[in-house]
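Engineer: Sequence first, then the predicted structure:
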Amino acid sequence: MSKIGTYISETRSELLTKVSWPTWAELQNSAIVVMVSSVMIALVVFGMDFLFELLVGQAYNLIAK
């Protein structure tokens, strides 16, 4: 049981003294980059899906006639 306590104590100490945490401005910038990237990827996937739907629909119409 003392090993768990030691582990928690050392983990807390390391998080407080050795980890460099980003500033609020860095967090905001990173969040904006993630949001913009997510929207761009979503638009690309939407475009590919729309194009694929059109192509499959055209192929189906050619075969069904």
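Structural biologist: Ah, there it is. Numbering: from 1, shown residues only.
Engineer: For the chain, which segments count as helices?
Structural biologist: Applying DSSP state H to the chain gives helices spanning 2-17, 24-64.
Engineer: Make CSV out of these and add mean pLDDT and mean neighbour count.
Structural biologist: For every residue, glycine as well, the C-beta is placed using N, CA and C. Below are these laid out as CSV (pLDDT from 0 to 100; neighbours: other C-beta atoms under 10 Å):
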stretch, mean pLDDT, mean neighbour count
helix 2-17, 93, 9
helix 24-64, 96, 10
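Engineer: distance of Val33 from Glu26?
Structural biologist: Going from Val33 to Glu26 by C-beta to C-beta, to the nearest Å gives 11 Å.
Engineer: quick one, phi psi at Val19?
Structural biologist: Backbone torsions of Val19, given as degrees, to the nearest 10, read phi -90, psi 130.
Engineer: what's the neighbour count on it?
Structural biologist: Using other C-beta atoms under 10 Å, the number of residues around Val19 comes to 7.
Engineer: what's the spacing between it and Ala25?
Structural biologist: 18 Å.
Engineer: Gln58 now?
Structural biologist: Distance of Gln58 to Ala25, computed by C-beta to C-beta: 50 Å.
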